[in-house]
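Novice: Dropping the sequence and predicted coords here.
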Amino acid sequence: MSEISEHKILFGWEEIKKSLLTCIWFMFLTFPIMVIQVNTIHRTVEWRWERLFFVGAGAFLLSFLWRYMIRRKEAGIKREETAQNTHQDLLQRLLSNPRFSRPALAVAVLFFLTFPLVFSLYQIDIMTTALIYVVVALGLNIVVGLAGLLDLGYVAFFAVGAYTYALLNVHFQLGFWICLPIGGALGFLFGVLLGFPVLRLRGDYLAIVTLGFGEIIRLVLENWNEFSFGPSGIANIPRPGFMGMDLALHQNHTYIYYLMVGLTVFTIFVVRRLQDSRIGRAWTALREDEIACQAMGINKTRTKLSAFAIGATWAGMGGVVFAAKTTFINPASFTIWESVIILCCVVLGGMGSIIGVVAGALVLKLLPEYFRAFSEYRMLVFGTVLVLMMVFRPSGLISSVRRVYRFEGRNKLEGQP
Amino acid sequence: MLKCRSNKTLAVMAALVMSMVFCSAAFAADTIKFGVAGAHSGDLASYGLPSINAAKLVAADFNAKGGVLGKQVELVTEDDVCKPEVATSTATKLVGEDVAVVLGHICSGATKAALGIYKDTNTVLMSPSATNPALTKSGDYPNFFRTIAADDAQARQQVDFALDVLKVKKIAVLHDKGDYGKGLAEFAKGFVEAEKRAQLVLYEGITPGAVDYSAVVQKVKRSGAEAIIFGGYHPEASKIVTLMRKKKMDTIFISDDGVKDDTFIKVAKKYAEGVYATGPKDVSKNPLTQAYIEKHKAEFGSDPGAFFDNAVSASIALLSAIENAGSTEYTAIVKALQTHAVDTPVGTIKFDERGDAIGVGFAMYQVRDGAYVEVK
Amino acid sequence: MDLEYFFELFLGGLTRGSIYALIALGYTMVYGIVELINFAHGEIYMIGAFTGLIVAGLLTLLGWPALAILVIASIAAMIYSCAYGWTMEKIAYKPLRKAPRLSALISAIGMSLFLQNYVLLAQTPDFLPFPNLIPEFDFLEPIEHIARSSEILIYAVTAVVMVTLTLLIKFTRMGKAMRATSQDREMAMLVGVNVNRVISMTFILGSATAALGGVLIASHIGQINYYIGFLAGIKAFVAAVLGGIGSMPGAVIGSLVLGWSESFFTGYISSDYEDVFAFLFLVVILIFRPSGILGRKESDKV
């Protein structure tokens, strides 16, 4: 199909008619909820007609874009089916090109190292939060992106880490540095604990059971006052000390920031090594085809359990830092929607791709801070992003590069009688 | 390649210089910055937004009179969505903008998380709505003040009322498992058990948003409780009260200021009759209160929302304290808050050494003929 | 043992169970046909309740009689929920039909998040009282302390809806097409079933039951907000899985079992861990009997 005819189809009369229909449909659809506001307490009705216009105009314009994107996607699928070579986009080509990626890496390193010297306390604070999410999202990436097990209760492990530090500190005055590995270890343990019962489940059943597990942990924390101090939470959790010294606020934030940068680098390093290791390959195989994977002699139980457990370890450590940074935790910070946001980071960035997940987490945690004025719309946008990503770009912003081994002898083989 | 890299370094340098320029510009401005933090969006916004309006009105009044210490008051509002982790960012942002004092935060949890940062930077914080007792009683936060009474005072009042006035012998305590509701219920439970004059027959949490509460109501009926003390908000309270009355149970229902809201009466209608609830002492006769409600109507065209009186009082107390202290220096403001009494909508108040407003307390109300009436 | 107390808890459980069932039926239908956990199904129920509230609120202001309002509000809620369900399927699920099931589930979560916040922003984050539409019938006066008219109406509607849907699926052309699609989509396509229409129809039917549930439950409970769909949806899903997802009577039985077990758990043990118990129940059932009480056992396909 040539460029010109494509444009014709996009703006032809038929298309406009379709868009008009969409426009009318959405105006009908959103009419009661957008336009009428009935206040059953004061018995008043407010009509907000102007909104109908915006919905109509928006639907009209967006429907063009929607159809264009759908067509492009379908054309893309066809192209992929006919030509076998995997399609790589610009960003990926740039990233895989050392001439670009090396200076980019250098700039990134310089940026992150000088960050606290250049920017204000607030910037350091939000960047630290974003880095915590980077680490946690990388952990979830092991479970979802590599092993293909959708975990909707991931935040439970985050809570385990946070409460580990908070409770050990309250009861035994243990410091941050001892609790960091303990938090990781407990995360690991809980990962195994959850992993065992759900080994037999697959796909969406697994997702729902993990969701249930996450809620169970939160509800227990909320109800069991004697253990977790209940919904009022734990306050005055100490920030990490530096060699036994208490630091001033700004120094301390800078310190946690560098700590997080270190932890992030460590995470990226470990995840990269894991990805290319024996177990990493096994995870990928498990994701692609469970039965074939078993037939190849991979121990399914061990592979799944290790994915859960190793993924949960990072959440546990992230939780410890989270508690230390916030200095206050309560169960309300660990709801299912927190799991969804972490999942968003992974999906938006690109499941399975390390740099993608890092980018996804940074974008999702930093943008809402910079657009504080629009914070009301944050969750609305998250929802939209999840849907659109799945529809148009299931591989995320920066998709993972899959290793392709091409069998060159094919034609020769076929040619032979 | 080389050229490209040097360009990037230049860009970084430029960014550095720019940010420095901006920072110094912020310091040079000659205003008194008045921070307002709390839930300004999301599902709890209806508790946080009235505090912004209150701060705006009070700041406008002070500015009309020539400002504070001869400088104009400038509002800096930041949202924390009532989440602890967001609240710390909000706090660092406000501190970074060099605010003199902060009105907020709204939720107890977010307040606790943010207080660490304000404490380290010697910033005075005053909340119109954070009622968790530990905020003042623990002594951990010398920079924290509030214009609302703590939860334990409320629980005390409820239990005393049940024991002394109603003289009930069997009490059930219910809560909604939330920060506020469960905290209150814990205190009520403790007081009932300590008094030994009545028996605590049931202590349970209900799930907010559950489709049906009949099992819990049956349980209350079976326990033979003469009165229920409920910690939580009005949506759950109205469901339970309605269900009880429809099941022909006349158990006395005593609740808190989360229920002392006209919405409760409008939702539960006839079933609300006779329900007791503690709430802030009635200040509607105070001319200052009336004046600010009128101003709110004139400025924003609507009735003020939750904690408006407390927020106006806190704003007045904070700005007056700066004036009385003669500077924005931390110890001076704290001292002024503790020594100078100021006229506010919740009465003439000053603060004790822990940060609670002296003279701000609760009164018991009862629904009679579709309105809350103070029980003397 | 206190028999009256037991009976009261039993009825409370029945109410709960019927409420879950009205939502679970839609869940199970969609799953049976497209094998998708329609995470946003709870939101459809919420939208139904909100549309009902808006229509009922308007009509109450005009002073119409309660019963007429109930009927009109239910119909409006059903129409709008169907429209939302249909549109949702077209936007969020249809383009993903060939994608991995994980993608569809994530898309469903996104849709659920979107719809919640859409209602939150366009309407209000606070609880709104729902007009009391179900009149207290006089002839029920003597048993009112055990079962109210709204509860009896909910039992009745649940039973009627279940029977109607079962008949619809057993005997109509569309029902046959649905069963064919759920067994083997490609085969159904080959024998001339319009699979797209069948799937749309499933979403529409499921949404309609959810909306009916929304209006009835909202007027039984008396208030709604944007978040009511989440917990109800999750519980209904648990119920559907319990009964064997994909099976209509299974959904109802599962809902009743869940309703009763929650009610008795609250009554005899404690309501503090009511939800923990429900989720544990789900985990245990899925581990020991993954196909549920009435579900078909599926073997792995290579």
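Specialist: Received, thanks. Keep in mind the model is a prediction, meaning the values are calculated, not measured.
Novice: who's in contact with residue C:215?
Specialist: Contacts for residue C:215 (C-beta atoms under 8 Å, 6 or more residues apart in numbering or on different chains) come out as C:48-49, C:52, C:56, C:70, C:73-74, C:77, C:133. The C-beta positions use only the backbone N, C-alpha and C, and glycine is treated the same way.
Novice: Kindly confirm my reading that it is in a strand.
Specialist: No - Residue C:215 is assigned helix when assessed by DSSP: H, G, I helix; E, B strand; the rest coil, not a strand.
Novice: Spit out the contact partners of the closest residue in space to it that isn't next to it in sequence.
Specialist: Nearest non-adjacent residue to residue C:215, counting by C-beta to C-beta, 6 or more residues apart in numbering or on different chains: residue C:52, 3.9 Å away. Residues near residue C:52 by C-beta under 8 Å, 6+ apart: C:73-74, C:76-77, C:130, C:211, C:214-215, C:218-219.
Novice: Now with 10 Å, please.
Specialist: A:32, C:69-70, C:72-78, C:80-81, C:130-131, C:133, C:211-212, C:214-216, C:218-219, C:224 (C-beta atoms under 10 Å, 6 or more residues apart in numbering or on different chains).
Novice: Nearest residue to residue A:148 in space, please, no chain neighbours.
Specialist: Residue A:148 sits nearest to residue A:287 (C-beta to C-beta, 6+ apart), 3.0 Å away.
Novice: The helix or strand harbouring the one you found - contacts with which helices or strands?
Specialist: Using DSSP states H and E, residue A:287 sits within helix A:278-288. If you count contacts as 3 or more C-beta pairs under 10 Å, 6 or more residues apart in numbering or on different chains; DSSP states H and E, helix A:278-288 packs onto helix A:249-275, helix A:290-295, helix A:300-326.
Novice: quick one, it and helix A:300-326 angle?
Specialist: Inter-element angle recorded for helix A:278-288 and helix A:300-326: 100 degrees (by axes from the mean of the first three to the mean of the last three C-alpha atoms, to 10 degrees).
Novice: Run the chain-centre distance for helix A:278-288.
Specialist: Relative to its chain's centre, helix A:278-288 lies at 20 Å (C-alpha atoms, centre = their mean, to the nearest Å).
Novice: Quick one: mean pLDDT over that helix.
Specialist: Helix A:278-288 carries an average pLDDT of 88.
Novice: Alpha carbons of that helix, in CSV - could you do that?
Specialist: Provided in CSV are the C-alpha atoms of helix A:278-288 (Å, rounded to 0.1, in the frame of the first residue of the first chain):
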residue,chain,number,x,y,z
ARG,A,278,21.8,-21.1,33.4
ILE,A,279,18.8,-20.2,35.7
GLY,A,280,18.1,-17.1,33.6
ARG,A,281,17.8,-19.1,30.5
ALA,A,282,15.6,-21.6,32.3
TRP,A,283,13.3,-18.7,33.3
THR,A,284,13.0,-17.5,29.8
ALA,A,285,12.3,-21.1,28.6
LEU,A,286,9.7,-21.4,31.3
ARG,A,287,8.0,-18.3,30.1
GLU,A,288,7.9,-19.3,26.5
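Novice: outside of it, which residues touch it?
Specialist: A:142-149, A:271-275, A:277, A:292-294, A:296, A:298-300, A:302-304, A:306-307, A:310, A:351-352, A:400, A:402-403, C:100, C:102.
Novice: go on, stretch A:181-189?
Specialist: A:139, A:156-165, A:168, A:174, A:176, A:179, A:306, A:308-324.
Novice: again, only this time at 7 Å
Specialist: A:157, A:160-161, A:164-165, A:168, A:309, A:312-313, A:315-317, A:319-320 (C-beta atoms under 7 Å, 6 or more residues apart in numbering or on different chains).
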